[in-house]
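# Sharing a model prediction with you, sequence too.
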Amino acid sequence: RIVLIEARVEGLDQEQPATLSGDALLTWAKSAAARLPYDNVVFLDATRATATSAVDGVSSEPLLATFGRAFEDETPDSTLYVVFAPRTGDDMVATRRVFRAADQKNLPVVILNHGHDGPGAAPAPREYDSAEFAYCLRPLVASGTLVDQPIRVVVTRRYPAPFEVFVDPGRNEYEACGEFLDKPTSADLQDAIRGAIARWR
């Protein structure tokens, strides 16, 4: 089973810096993974070329160094794979090798904060199409013809609840603006922003 998790905080609060280091999220993810009922947690980091220090007994291995080759070692039983921030074409190929290794023993794979939907990124592995989006916290900033000032938007999900969209139409306060069974599209977000602006005015 493949699970997608998106946990981002950039832009959630106006007092935060525009960009944040991924180290804090990485530390949180390792600590959370250590509490799961698996004997072996393999944390594969696509953002680094060298191994990182352990947190609660869980260390990171570079994704490309571990799964950048054509043949993987046999996967131990009771293993959980966590792939962090894959984005490039090489990451995509390596991630698909993780899927194949896990599939041999019906093991789960968690993809945390992939960047395949970002500018200049490689296409996502096709296996994402059948993955379950278990958790989402994604702040966005909307600008353009719809609004005369940037509008903050947050997309959230906590499985099995639907996706929810919250909009701050310039009052420094978010309001719920819609629920979606599937991850909302750009058109869905535009409709939510229009509705929030109309109610605010």
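Structure received.
# Tell me how far Ile197 lies from Val154.
For Ile197, the distance to Val154 equals 16 Å [Cβ to Cβ, to the nearest Å]. All C-beta spots, glycine's among them, are computed from the backbone N, C-alpha and C.
# Same check on Val109?
26 Å.
# The two: which is more packed in?
Between Val109 and Val154, counting by other Cβ atoms under 10 Å, Val109 is the more crowded of the two (23 against 19).
# give the contact list for that one.
Val109 is in contact with 1-3, 80-83, 98-99, 102, counting by Cβ atoms under 8 Å, 6 or more residues apart in numbering.
# and these, which are buried?
Neighbour-count burial (16 or more other Cβ atoms under 10 Å) applied to the contacts of Val109 gives 2-3, 80-83, 98-99, 102.
# can you list those in JSON lines and add secondary structure?
JSON lines is the format used below for those (DSSP: H, G, I helix; E, B strand; the rest coil):
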{"residue": "Ile2", "secondary structure": "strand"}
{"residue": "Val3", "secondary structure": "strand"}
{"residue": "Leu80", "secondary structure": "strand"}
{"residue": "Tyr81", "secondary structure": "strand"}
{"residue": "Val82", "secondary structure": "strand"}
{"residue": "Val83", "secondary structure": "strand"}
{"residue": "Val98", "secondary structure": "helix"}
{"residue": "Phe99", "secondary structure": "helix"}
{"residue": "Ala102", "secondary structure": "helix"}
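# List just the nearest of the residues you listed to Ser130.
Ile2 (7.1 Å; Cβ to Cβ).
# So what's the gap between stretch 114-134 and the chain middle?
A distance of 9 Å separates the centroid of the chain from that of stretch 114-134, by Cα atoms, centre = their mean, to the nearest Å.
# all numbers from here: first residue = 55
Right, with 55 as the first residue, what we last looked at is stretch 168-188.
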